[in-house]
Every structure is written in structure tokens, then in C-alpha cells.
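S.K.: I'd like to go over a predicted model; first the sequence, then the structure.
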Amino acid sequence: MSFELEAFGLKDKIAIVTGGGSGIGEEISKAYARAGAHVVLAARQQERLERVAEDIRALGRQSLAIATDVTEPDQIDQLLKKTVERFGRLDIMVANSGGGGFPSLDKATLEDWQKQITLNLDSAFLCDVGAGKIMIEQGTGGRIINISSTAGINLNPALPAYAAAKAGMINFTKSLALTYARGNHSINVNCVAPGFTATPAIRKAGYVPSDVRKDGTRVPPLLMPNEPRHVADACVFLASEAASHVTGELMAIRGMMHMEWSNDVTRDRAHLIK
């Protein structure tokens, strides 16, 4: 059997990436474009989306920027509708939008809790099921990828609502994958759980540890935080034909930083490890 690199490409696929205007979402969007896809970007800030869309067009791919609040069902409906109106179909949905701010549990209200569940879990449900309906109608299959977090795998008392929502996303991914498999729809549903990732915002805030230890030695790359491209590369694979028999799976992207507790660099940032 010959090895076909084309199986890892996304030539002329149509993808939606929520939270595509910055951080991990931006990197996923650009990686998809480099792999050959046309990308619809969704997030609340139109200006950020347009900047990323221009970068994608510079790569020779088409891009559409649609300001979208994923906590609003009507806006998700419009995102899906405008995508199909522009491109005629949808092949890939990446539910990446989310966030983690939350007060301590002894001070949190039900409203605080519900905001986090709506942003991090309900939005994925709406994006995934809405995209799935389109893919079923097309009859050509598709890929749905949920961006969870290792906060959904491990205890994270600093972000309890976020962690609960991301854990729910992992379980929901498995349920939806089985539903589509039983329906013979050729729709693969998978979940990517990044660990602590050195996005531009995290770097700007000064949270990324030095790759040089106090004794002057270099920290091995696999003991450092993720770069956004590490998450994006996994998403390219899961969206490609190479992953045609991968569904209902969780892929954690985190190197081994979370295991290197003896490392002084890791200890200094331990509270940030998700």
C-alpha cells in the first residue's frame, strides 16, 4: 500500500473556525488555509477577524469573516447560513470559542456558572448539531472538531465552571460521534484538549516560562508549553482524510510539562497548567 500525502491535505474544503480571530483559533484557521481549505472565521470582534481573513487570502485561499457571538443561537444559525450561501457547502466545523474567567466557588452565583456553561459547552452543542444537519443534508460527510482543554481531564479548582464545561464537551463529543456513526452519515466528531498554550495573549501577560533554567541549562522543548501550531497541526490531521476512521476520540496536546514537577520552571507556573 502506497503512502499518500494527499490524504493529509484539505484541498478546497470549506471550514468554519469559531474563535478564529486570535490565539489557537487563528492558528488553526491559517493551518487549514495552508493545507488548502477555504476558511470562515467567527468571533465577536470583526476587526480581528478581518486581519486573519486577509492573511488567509494572502495564502491564496478564500476567507469570510462573520462577527458572531456563539452564546446567541440566532447568530450561530446565521453563521451557518452565510457559509452555505457563500460556498455552497460545509465540510469542517471547529468549535473553538471559549473562556475561563470565574470567581471563587464560595462567591460564585448561578448566573456566573451559567455564563461559563453557555460559552464553553452550549455553544459547541449549537455549532456541532447545526453543522451536522448541513453535512447530513449534503450527503458527503464531514468533520467536527471540538476544542476542549486538559482542564476538562484534570482537576482545576481555579476554573471550576470552565473545567466542568470542557469535561462536558469531551463526553458530548463521544455521544455525537456515536450518533452520527450509527446513522451512517460519515461525519467524524473528535475533541482536542490543549494543555497550557503559549498564545500571544499569554506571552504578553508574562505567563510563559523561560526555556532556560536557573542553572543556565535549556529546558527540553517537550517540557515547555504548547505553541498554538501544535494544536493546529492536530486539527489539520483530524479534518483530513487521513483521519477517516478516527471518531469519538480525545487528543490531548500538552507535551510533558504537566509531568515535570521537579522542574523549577514548571513549579513557577504550576497554577497555570490546565
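M.R.: Looks like it came in fine. Quantities reported herein were computed from a predicted structural model and do not represent experimental measurements. Numbers count the residues shown, from 1 in each chain.

S.K.: now what about stretch 235-249, what contacts it?
M.R.: By Cβ atoms under 8 Å, 6 or more residues apart in numbering, the residues outside stretch 235-249 that reach it are 6-10, 13, 15, 28, 31-32, 35, 37, 91-92, 94, 143, 145, 147, 173-174, 177-178, 180-181, 188-192, 251. No exception for glycine: its C-beta is placed from N, CA and C like everyone else's.

S.K.: buried residues in that stretch?
M.R.: By neighbour count with 16 or more other Cβ atoms under 10 Å, stretch 235-249 contains the buried residues 235-240, 242-243, 246-248.

S.K.: and for stretch 90-99?
M.R.: 90-98.

S.K.: show me where the chain has its helices.
M.R.: Secondary structure of the chain, counting by DSSP state H: helices at 23-34, 46-58, 73-87, 110-117, 123-138, 160-182, 200-204, 228-239, 264-268.

S.K.: check the ones you listed for me and report the most buried one.
M.R.: Neighbour counts (mean count of other Cβ atoms under 10 Å) averaged over each of the helices of the chain peak at helix 23-34, with a mean of 25.

S.K.: what about this protein, any weak spots by pLDDT?
M.R.: The chain contains residues with pLDDT under 70 at 1-3, 260-274.

S.K.: make a markdown table out of the buried residues of stretch 90-99 and add distance to residue 54.
M.R.: Listed next are the buried residues of stretch 90-99 as a markdown table, based on distance: Cβ to Cβ, whole Å:
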| residue | distance to residue 54 |
| --- | --- |
| 90 | 22 |
| 91 | 23 |
| 92 | 21 |
| 93 | 23 |
| 94 | 20 |
| 95 | 24 |
| 96 | 20 |
| 97 | 21 |
| 98 | 25 |
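
S.K.: among those, which ones are in strands?
M.R.: Judged by DSSP state E, the subset of the buried residues of stretch 90-99 located in strands is 92-95.

S.K.: picking up where we left off before, quick check: the farthest pair among the buried residues of stretch 235-249?
M.R.: Within these, 236 and 248 form the most distant pair, 19.1 Å apart (Cβ to Cβ).

S.K.: if I look at the residue lying closest to residue 26 once chain neighbours are set aside, how far off is residue 66?
M.R.: Distances taken as Cβ to Cβ, 6 or more residues apart in numbering place residue 52 nearest to residue 26, at 5.2 Å, with adjacent residues excluded. Distance of residue 52 to residue 66, computed by Cβ to Cβ, to the nearest Å: 12 Å.
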